[in-house]
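Trainee: my questions concern the predicted model and sequence given below.
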Amino acid sequence: MSQPRPEPYAEARAAGIRTRAGSRVPAAADHPAPGPSRGPRRRAGLAAAWRAARRGLLYAAAILVCVVVGFPIYWMVTSALEPGNLFNFPPRFFPSHPAWTNFTHIFTVNPLGRWLANSLFVAGGTMICSLLLAVHAAYGLSRFRGRAVDGLGFLMLVGQMIPVTVLTIPFYVLFRQLHLIDTLTGIVVATTTFSVPMCLWMLRGFFDGVPRELDEAALTDGCTRLGALYRVILPSALPGVVAAALFGFMLGWNEFFFASTFLSTETKWVATVGLVTYMSQYFVEWSALMATAFVITIVPAILFMVTQRYMMAGITQGAVKA
Amino acid sequence: MFAIAMMAPTVLWTLLVLVYPVGVTLRNSLFNVGAGFDPHPPFVGLGNYAALLADPIFWHSVRVTVLFALGNLLGSFGLGLVTAMLLHERFWGRPFARAVLLLPWAMPQVAAVVVWRWLLQVQYGAVNYVLWRLHLVATPSIQWLVKPSLGLYAVLAATVWWQYPIATTFLQAGIQSVPVDLYEAAGIDGANGWQRFRHVTWPGLRHVRNILLLMLLFWSLGQVIIIWTMTAGGPARATQTLAILVYQRAFSDFQFGSAAALATIVLAVSLSIGLLYYRLTLRTAQEA
């Protein structure tokens, strides 16, 4: 990503280069010269103290931010490990009798296993559909330019910006015609609509990073364009493809709105819908809810942790580049 | 020609699930479509739009949407900037800190909401207890999700907490793209930490910052899962953004015509921000 160089420090930059080319005057404080003068040594001591203070401050800030931001996650885990209704005042910040009973309990009060399997189906389906659609389109967008190509790119971009609720009614109408109401396939179709644009932008960024010489080499070796894509480009951009696939998976796993509107049969619910329905019951059992939330979180969290570098690179690249 | 062939499946898909639904919405917005999906609803022209513009609920919703977007923009951007600056420094345990700081975004939004509802619970919630012990509030039982004046803050807390990691990622990429020799030069000129941030980092982030703020704006307009599962637009419409109102008009009030008109307005706003975004990224691409 190349930045337009801002004006204010053009001068400083020139100064820096000059100074580095010339004598290293300001560096004297870092390496006090041995000698009778005590000035530089005291200054060196001050600089060391300042550096230590700065490090201390840095660690304090890092710990503070991590504690504040990480607390909800810690609280979820702690509450999930504590049996009972958690109605304690003051709240127990460390579990007093940690146990796994909540985690077995939640699978018996609700068909959670079934819901998780459904979620897996929706997430996997969304992943496959959006990858199939996005890989080809992203390759086209990456390798060719022109009015039509740009126009389609824009259409994709706008697609990702439409609030889900805006599409809920027309999807309802469409799905009634296609007999997709109350089916998991319908949810896959609806979610794919929202994941294709992002996958497309991510993949395009990664494809742009693969040199065009590779395409040409493959073509001269007798590959077709599609063959070049499958045999040469996809393997070279594999981390990006994995990141885009996981993005689709996570979007499918997190899907809630269409599922809660279109799925009426309880055994067809996905885990997110089950969790919210469980939460809105008259008697709220918080420890069981936290355990359910934990189970639903653990799948995307692990996938994300394993691939976070590529996924985050993909999302930033896709959004920042045109 | 090949490019068109490669994109054909995606284009057909988009026509089916995006352009067609949007067409249906535009058509419905001109008719008085009620509950029974009457195949020949009465034509009302721009009547649905006129009714919306005269509706105080619509204007209230516009106000809530603006406040919510502003809160999410400020919160996510601010927290994202702080965490990105922090992660840019070298310190022991940085990979762990990075994992903790990015984790909220990896959570399903509904799971985040469940956790936040427990945190904000009136009698036994951790937030109320901590605020009370720190003497920031007078009573340990604040009704975050019941009082209309507090609903938006509660929803914003959960939204910002879930959303900010993406801002961190964007800004971290931006900070890394600022050339190192600029910092060295600033150091030689005797710039302190704040000056370095003000004159080197901040201007260097200009492009990423603009894109990020636009994306956050989109996500704020499109945010429904957190708001819906946390307060469902309540208490007393305090968190009823336009995106939520569209859904309620359709699936609670069964006024599909009015909902479609509202959806069209939301679409028009999204589209104009989209154009702005496109011009911004395109201009940078041409400069590059």
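Mentor: Arrived safely.
Trainee: what about the stretch 201-322 of chain A, any weak spots by pLDDT?
Mentor: Residues of the stretch 201-322 of chain A that meet the criterion pLDDT under 70 lie in A:282, A:318-322.
Trainee: what residues does it have near chain B?
Mentor: A:225, A:250, A:253-254, A:256-257, A:261, A:272, A:275-276, A:279, A:286, A:289-290, A:292-294, A:296-297, A:300-301, A:303-305, A:308, A:312-313, A:315-316, A:319-322 (C-beta under 8 Å from any C-beta of the partner chain). All C-beta spots, glycine's among them, are computed from the backbone N, C-alpha and C.
Trainee: ranges for the strands of the stretch 101-250 of chain B?
Mentor: Using DSSP state E, counting those that start in this stretch, the stretch 101-250 of chain B contains no strands.
Trainee: mind telling me which residue of it is nearest chain A?
Mentor: Using C-beta to the nearest C-beta, the closest approach of the stretch 101-250 of chain B to chain A is made by B:Ala185 at 2.8 Å.
Trainee: distance of that residue relative to B:Val200?
Mentor: Using C-beta to C-beta, to the nearest Å, B:Ala185 is found at 8 Å from B:Val200.
Trainee: so the closest residue to A:Asp208 other than its chain neighbours is in which element?
Mentor: Distances taken as C-beta to C-beta, 6 or more residues apart in numbering or on different chains put A:Ser142 closest to A:Asp208, at 5.2 Å, once the chain neighbours are dropped. For A:Ser142, the enclosing helix or strand under DSSP states H and E is helix A:112-143.
Trainee: doesn't B:Ala173 make contact with A:Thr316?
Mentor: Yes - assessed by C-beta atoms under 8 Å, A:Thr316 is found in contact with B:Ala173 at 4.5 Å.
Trainee: what residue lies at the spatial centre of chain B?
Mentor: B:Ser220 (2.1 Å; C-alpha atoms, centre = their mean).
Trainee: so what's that one up against?
Mentor: Shown in contact with B:Ser220 (C-beta atoms under 8 Å, 6 or more residues apart in numbering or on different chains): B:Thr65, B:Phe68, B:Ala69, B:Asn72, B:Leu73, B:Thr159.
Trainee: so it versus A:Ala190, what's the distance?
Mentor: Taking C-beta to C-beta, one finds B:Ser220 at 22 Å from A:Ala190.
Trainee: surely A:Pro239 touches A:Tyr310?
Mentor: Yes - using C-beta under 8 Å, A:Pro239 is in contact with A:Tyr310, at 4.4 Å.
Trainee: neighbours of B:Ala50, how many?
Mentor: B:Ala50: 12 surrounding residues under other C-beta atoms under 10 Å in any protein chain shown.
Trainee: and the contacts of the helix or strand containing it?
Mentor: Secondary structure from DSSP H and E places B:Ala50 in helix B:47-53. Here helix B:47-53 makes contact (C-beta under 8 Å, 6+ apart) with B:Ser29, B:Leu30, B:Asn32, B:Phe58, B:Gly257, B:Ser258, B:Ala260, B:Ala261, B:Leu262, B:Thr264, B:Ile265.
Trainee: closest to chain A out of these?
Mentor: Nearest member of the contacts of helix B:47-53 to chain A, counting by C-beta to the nearest C-beta, is B:Ala260, at 6.7 Å.
Trainee: would you agree that closest one is in contact with A:Ile169?
Mentor: Yes - counting by C-beta under 8 Å, A:Ile169 is a contact partner of B:Ala260 at 6.7 Å.
Trainee: shared neighbours, the two?
Mentor: B:Val24, B:Thr25, B:Asn28.
Trainee: dump the residues you listed to CSV, plus distance to chain A.
Mentor: Formatted as CSV, those follow (distance: C-beta to the nearest C-beta, whole Å):
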residue, distance to chain A
B:Val24, 4
B:Thr25, 5
B:Asn28, 7
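Trainee: just the ones in helices from the residues you listed, please.
Mentor: Counting by DSSP state H, the shared contacts of B:Ala260 and A:Ile169 place B:Val24, B:Thr25, B:Asn28 in helices.
Trainee: hang on, the second one packs against B:Leu267?
Mentor: Yes - in this structure B:Thr25 lies within contact range of B:Leu267 using C-beta under 8 Å: 7.3 Å.
Trainee: neighbour count winner among these two?
Mentor: B:Thr25 (25 against 22).
Trainee: for the more buried one, which residues are in contact?
Mentor: A:Val166, A:Ile169, A:Pro170, B:Ala260, B:Ala263, B:Thr264, B:Leu267.
Trainee: if I pick residue 127, what's in contact with it?
Mentor: Picked chain A for this. If you count contacts by C-beta under 8 Å, 6+ apart, then A:Met127 has A:Ala245, A:Leu246, A:Gly248, A:Phe249, A:Gly252 around it.
Trainee: can you look at chain B instead?
Mentor: B:Leu119, B:Leu120, B:Trp144 are the contacts of B:Val127 under C-beta under 8 Å, 6+ apart.
Trainee: and chain A, which of those residues contact it?
Mentor: Near chain A, by the rule C-beta under 8 Å from any C-beta, you find B:Leu119 out of the contacts of B:Val127.
Trainee: A:Cys129 reaches A:Val188, doesn't it?
Mentor: Yes - with contacts counted by C-beta under 8 Å, A:Cys129 reaches A:Val188, the gap being 6.3 Å.
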